[in-house]
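A.B. asks: dropping the sequence and predicted coords here.
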Amino acid sequence: CDIARDAQIHKDALRRVLAGERSASLGEALRILAACGVAPNAHLLLFLVSGGDHAIAWLQSDLAQFFEDFSGELPSALERVLGNQVYDVKPRWAKGTAHRVARLLSDHIDELERKDALLGDVFAGAEGGRRG
């Protein structure tokens, strides 16, 4: 089994883990997820912060990889942008900040879609002009 080999776990142990007959260690679980081609750190973090619903729903999606990359970049980005103000951050700001980041991301996606549509129109016009 490729997954067992890639996860460095015995085939029978993997079968028992998947059947719920054996608990996987944290390291084994992360290696199994990685062997399946998913973002293991993102899924672990999503599972811890959301109770698992998002981790399951976002399994093998670009959103999971985005979350892993975003979570990895956030601490250094906060230090870089906030400097000494990083110690002034209050826990009560987390929810509002999460919503602002989501809105910013939504605006970014909308802008990219507008640019793609504009480029599509430009290329369609150029193709139409050449044929005519």
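C.D. replies: Thanks, I have it.
A.B. asks: residues contacting Q60?
C.D. replies: C36, G37, V38 (CB atoms under 8 Å, 6 or more residues apart in numbering). Bear in mind the C-beta positions are built from the backbone N, C-alpha and C, glycine included.
A.B. asks: which members of these are classed as buried?
C.D. replies: In terms of neighbour count (16 or more other CB atoms under 10 Å), the buried residues within the contacts of Q60 are V38.
A.B. asks: and the contacts of Q60 as CSV, adding distance to D107, pLDDT and secondary structure?
C.D. replies: Shown next, in CSV, are the contacts of Q60 (distance: CB to CB, whole Å; pLDDT from 0 to 100; DSSP: H, G, I helix; E, B strand; the rest coil):
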residue, distance to D107, pLDDT, secondary structure
C36, 33, 88, coil
G37, 31, 84, coil
V38, 28, 80, coil
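A.B. asks: could you point out which of the contacts of Q60 is nearest to L45?
C.D. replies: Using CB to CB, V38 comes nearest to L45 of the contacts of Q60, at 12.6 Å.
A.B. asks: pLDDT weak spots in the chain?
C.D. replies: For the chain, residues meeting the criterion pLDDT under 70 lie at 1, 128-132.
A.B. asks: distance to P91 added to the contacts of Q60, as JSON lines?
C.D. replies: Shown next, in JSON lines, are the contacts of Q60 (distance: CB to CB, whole Å):
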{"residue": "C36", "distance to P91": "34"}
{"residue": "G37", "distance to P91": "35"}
{"residue": "V38", "distance to P91": "30"}
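A.B. asks: I am finished for the moment; much appreciated.
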